[in-house]
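**Q** I'd like to go over a predicted model; first the sequence, then the structure.
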Amino acid sequence: MWTWFHKFGSPPWLYSIAGSILRWLVPITVILLAVGAVWGLLYAPPDFRQGNSYRIMFVHVPASVVALAGYYVMATAGAVSLIWRMKMADIALRSCAPIGAMLTFLGLLSGAVWGKPTWGTWWVWDARVTSMLVLFFLYVGIIALYEAFDNEELAGKACAVLSLVGTVNIPIIYKSVDWWYSLHQPASIKFTEDSTMDGSMLRPLLLMIVAFYCLFASSLLLYMRSEILRRESSTNWVRKLVLAKAGQGSANAV
Amino acid sequence: MTAAAHAEPLLKVHGLELERGGRVLLSDFSLEIYPGEVMMLEGENGSGKTSLLRTLAGLARYGYSGGLQCNADSLLYLGHKAGVKTLLTPRENLRWYCSVQNLPLAGLDAALQSVELTGYEDIPCHNLSAGQQRRVNLARLYLSEAPLWLLDEPFTAIDRAGVKRLADVIAARAAAGGAVVLTSHQPLPSDYPVRRVSIARQERS
Amino acid sequence: MQFDTVAEALNMAGHGAYVWSVYGVSLVAVTVLLLGPVLRSRRLQRQQLALLRSELARQQRASQSNAEGEE
Amino acid sequence: MGRLLAACLRRQLLLAVRRPVEVVNPLVFFLLVVMLFPLGIGPDPRQLTEFAPAVLWIVALLATLLAVEGMFRGDFDDGTLEQLVLAPQPLFLPALTYVFAHWLLTGLPLTLLSPLFALMLQLPGKAIGTLMLSLLLGTAVLSLIGGIGAALTVGLKRGGILISLLIIPFYVPVLIFGSAAVQFAAAGNSAQPQLLVLGGMLSLAVALAPFAIAAGLRISVDAG
């Protein structure tokens, strides 16, 4: 148990293992995204009520789902960072935040664009969009808090505490916003009626959700690798790595 | 110190590596402090004396690796900050400190007398001079029952007589079975029983 | 395939502008998420290499001047 | 343990008595912003009645947010927070007294003065009891959550606006249920479910927030 964690905390080990995972994860991600996008755009049947505009769902729903899950990944890294004091967990936490913020932003933007043909307005205070907006600010808060600290280790710990507070709060926020929405607007229009969705639409949607999870994982590992390089830049193993790569390059040139 | 060597160390540091702001201040630093000892940390500015003291006190809990074992059930830390609320009087300040540290209030007047604040007990601290405010903070030494004291520059901003008295309290604490770790810019008397530990920066080879 | 011609696919019965713009933005987002950190890693490695080279050059110069001094 | 809590609470209240401006400021802020709304919306009493629950709750939220920034600021700057962190007792206990003192000095006065503001905004008389009860419970939650933000940012030189950024998202559920309770009461319905939810949030916050505040304070003291 302990040796495993110790190893997991070792930067060169993590750097190389992330590299070997990425070698097959990135191609899989790209293929899944391409297949899902073509399926959703061209092959899935149009919705009987919304027509073709519902095809935005194949981006909107996966982005929203993975953005929310990403917060929990980040908080898990935060818990590990607080309990085992692992630097690598801080790096994971710091890398999750911009990815999550980006996906949340994509969810918000696609929701807004979807709203225009559906309701004739760019912004609707729908329950999901409102929750996404709050989630976006939670991610922004994490990034802002991290950047405010001079000491990076303490920044990681502070963000870990904040992300754990967030995990307790997010379900409450989502439930409150749902309740608030049902109170102020009769639930006549919904983005998706999940229960009645036909298999021909559900299959590409599920594929896209899997693709976005892979996207999150790939991007997280890539970010972590660059973050490791930045923090460990003065260590011997990074120097060796850099020199080895440069040597390869010059050998190829000759 | 032969008698003390048989006792448990109050503080044991083993293979400590201290890092602040991405800079390694100490590496593979080991230290044991036994009851009855006064230890002075020596090193130039920026060598990490304050960081080490804060780590020993448990105030800085991140940025170090290695073994750190404290056998004292309570400790007293005197840092750079005043540690005094200027809106409160000296008596109110110390009473709060006693409650926080769970100390009896009986010694409060004597402590204030020892730092020559008799007559100023009930004047809000913002009306006192900087030196007097400093002495309010130092009065904690006369109240404390903690076996381990960690004092960062205790001798600054006090007069020569004050230094003498302070040195006596510190020696008395050590004689009573406590241990004191301190840093100081002022030279201590040559006959003062103090163990000097240099934490001069090890050059990386 | 739901659409017979390319024009039909682009138009999507009037909703094309919305749908295609969202997919376009998503493509940009995916590119940023995957390529951004890769470019950052490259930049960091280049910086580190430049730093190492200048350090090596300095060491060489120092040893040369030492050697000259001994002569 | 009781001695520690009593000493911390008495000290906080004593400090407030010595510097009463800090207690009065949020109340004046509350009054000022309440004055701004009719100037912005127009003096029509019906419109004011409609907006009153939301306005009163948002202003109460902002007033608490303004005051929360100073919860640990003074003690951090003068080093007494270090002494508290080094005390043999667990830190979450005094953390809770800081929050309680903060609530006594901001949330409670706001609650007690809220009927006055409610009258100025033409809130129906039957909703005033609910308004006070919802503020009584809600401001306590706001103080607890705000304390987490204050603890995490107190060691930073540029805390300022950051705390709002961190904390406002967490205030969303309190605002939703607090203003809904007043709206229900103003419409003549029972607001009991909303008040119960607020009570539930308060018990959850009392149980968990002190630990987050203590963790935040330790990190901030480390940074200082």
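**A** Yep, it's here. Numbering: from 1, shown residues only, chains lettered A, B, ... in the order given.

**Q** where in chain B is pLDDT low?
**A** B:1-6, B:21-22, B:200-205 (pLDDT under 70).

**Q** Which residues of it lie near chain D?
**A** B:57-63, B:73-77, B:79-88, B:92, B:95-97, B:99-102, B:124 (CB under 8 Å from any CB of the partner chain). (Each C-beta comes from the backbone N, C-alpha and C, glycine too.)

**Q** Now, the residues you listed that are in helices?
**A** Judged by DSSP state H, helices contain the following of these: B:57, B:92, B:95-97, B:99-101.

**Q** Most neighbours out of the residues you listed, which is it?
**A** Sorting these by how many neighbours each has (other CB atoms under 10 Å in any protein chain shown) puts B:Y97 first, at 26 neighbours.

**Q** Work out for me the element the closest residue to that residue other than its chain neighbours sits within.
**A** Sequence neighbours aside, B:R140 is the residue nearest to B:Y97 in space, at 5.9 Å (criterion: CB to CB, 6 or more residues apart in numbering or on different chains). Using DSSP states H and E, B:R140 sits in helix B:130-143.

**Q** just how off-centre is the helix or strand just after that helix within its chain?
**A** Per DSSP H and E, the first helix or strand lying C-terminal to helix B:130-143 is strand B:148-152. Offset of strand B:148-152 from its chain centre (CA atoms, centre = their mean, to the nearest Å): 2 Å.

**Q** Summarise which helices and strands strand B:148-152 is packed against.
**A** Identification of packing neighbours for strand B:148-152 by 3 or more CB pairs under 8 Å, 6 or more residues apart in numbering or on different chains; DSSP states H and E yields helix B:49-57, strand B:75-78, helix B:160-175, strand B:179-183.

**Q** A:D178 is nearest to which of these?
**A** helix B:49-57 (46.9 Å; CB to CB).

**Q** close to chain A, is whichever helix or strand comes after that closest one?
**A** Next along the chain after helix B:49-57, taking DSSP H and E as the criterion, comes strand B:64-70. No - Strand B:64-70 stays clear of chain A (CB under 8 Å from any CB), getting no nearer than 8.8 Å.

**Q** Which residues belonging to strand B:64-70 are considered buried?
**A** Buried positions in strand B:64-70, judged by neighbour count with 16 or more other CB atoms under 10 Å in any protein chain shown: B:64, B:66, B:68, B:70.

**Q** Closest approach to chain A from chain D, which residue is it?
**A** Closest residue of chain D to chain A, CB to the nearest CB: D:P173 (3.8 Å).

**Q** That residue against D:G200, yeah?
**A** No - D:P173 is beyond contact range of D:G200, at 10.3 Å (criterion: CB atoms under 8 Å).

**Q** So for these two, which sits in the more crowded spot?
**A** The residue with more neighbours, out of D:P173 and D:G200, is D:P173; 26 against 14, by other CB under 10 Å.

**Q** State the pLDDT value of residue 188.
**A** Just so you know, I chose chain A. pLDDT recorded at A:S188 is 45.

**Q** Sorry, I should have been clearer: chain D.
**A** 87.

**Q** ok, now A:F191?
**A** Residue-level pLDDT assigned to A:F191 equals 50.

**Q** returning to that earlier point: list the contacts of the residue nearest to B:Y97.
**A** Residues near B:R140 by CB atoms under 8 Å, 6 or more residues apart in numbering or on different chains: B:76, B:78, B:83, B:94, B:97, B:111.

**Q** and which of these is nearest to chain C?
**A** For those, the nearest to chain C is B:L78 (41.7 Å; CB to the nearest CB).

**Q** nearest residue to the closest one other than its sequence neighbours?
**A** Spatially, and ignoring its direct neighbours in sequence, B:L78 is nearest to B:L151 (4.6 Å; CB to CB, 6+ apart).

**Q** And A:S95, by the same measure?
**A** Leaving aside its chain neighbours, A:S95 sits nearest to A:Y223 (3.6 Å; criterion: CB to CB, 6+ apart).

**Q** thinking again about what came up before, and the residue nearest to B:L78, how far from D:P109?
**A** For B:L151, the distance to D:P109 (CB to CB, to the nearest Å) stands at 42 Å.

**Q** which one of the two has more residues nearby?
**A** Shown here are B:L151 and D:P109; by other CB under 10 Å, B:L151 has more neighbours (22 against 18).

**Q** you'd agree that one is up against B:R173?
**A** No - if you go by CB under 8 Å, B:L151 and B:R173 don't touch, sitting 10.2 Å apart.

**Q** Which residues are in contact with each of these two?
**A** Residues touching both B:L151 and B:R173 (CB under 8 Å, 6+ apart): B:V180.
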